[in-house]
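Asks: Give me the fold of what follows.
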Amino acid sequence: MLFEVPTTAVAFEIPDEWWDFCDMRSFKPQSAYYPYDPSAESVEVLDLREVEPPRRDAGVVPFKKYKLVPVLLAFTSPECALPPIHAVKTALGYAVHNGFHRFYASVAVGYKAIPAVVLANDIASA
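Replies: The predicted structure follows:
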């Protein structure tokens, strides 16, 4: 399945067999963002349009099955809560520091926002 990040020209593909295995064709988000771990502290909900899509280096496979499939399955489970992504504030919005698969999975299923812990820039660069 081919997807596009809102307000960008960034397109990405999730293999159909992964998408179908997770029964995502019938999935409809019940909220603006995925349920996150309630024990996480200082969580902000960021509009996905304000988060710059993270990129992989050239030649690196963008998604790992063992990481993306559990995220998609978690979206469908009423008992599962994922950790928020880690992001840093930039001049243009936010950049993902940790949460590549959660970001793209959120876009693919149609979430409009994403839970995040916004790190201080000096922590993110360490």
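Asks: Buried residues, stretch 19-30. List them.
Replies: By 16 or more other CB atoms under 10 Å, the buried positions in stretch 19-30 come out as 19, 22, 24. Quick note: C-beta positions are derived from backbone N, CA and C, even for glycine.
Asks: tell me the pLDDT at the first one?
Replies: Looking back up the chat, that one is residue 19. On the pLDDT scale, residue 19 is placed at 98.
Asks: For it, what is the enclosing helix or strand?
Replies: helix 16-21 (DSSP states H and E).
Asks: which helices and strands does that helix pack with?
Replies: Helices and strands touching helix 16-21, by 3 or more CB pairs under 8 Å, 6 or more residues apart in numbering; DSSP states H and E, are helix 65-76.
Asks: Restricting to C-alpha, output the next helix or strand after the helix it packs on in PDB.
Replies: Sequence order places strand 85-90 as the next helix or strand after helix 65-76, per DSSP H and E. C-alpha atoms of strand 85-90 as PDB (Å, rounded to 0.1, in the frame of the first residue of the first chain):
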ATOM      1  CA  ILE A  85       7.600   9.100  20.200                       C
ATOM      2  CA  HIS A  86      10.500  11.400  21.200                       C
ATOM      3  CA  ALA A  87      10.700  14.600  19.300                       C
ATOM      4  CA  VAL A  88      12.700  17.800  19.300                       C
ATOM      5  CA  LYS A  89      11.400  21.300  18.600                       C
ATOM      6  CA  THR A  90      12.700  22.800  15.400                       C
END
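Asks: who are the neighbours of the helix or strand that strand 85-90 is followed by, in terms of helices and strands?
Replies: Downstream of strand 85-90, the first helix or strand assigned by DSSP H and E is strand 93-98. The contact analysis (3+ CB pairs under 8 Å, 6+ apart) places strand 93-98 against strand 51-52, strand 85-90, strand 113-119.
Asks: Name the SS class of the residue most central in space within the chain, please.
Replies: Geometric centre of the chain, nearest residue: residue 103, 1.5 Å, by CA atoms, centre = their mean. Three-state call for residue 103 (DSSP: H, G, I helix; E, B strand; the rest coil): helix.
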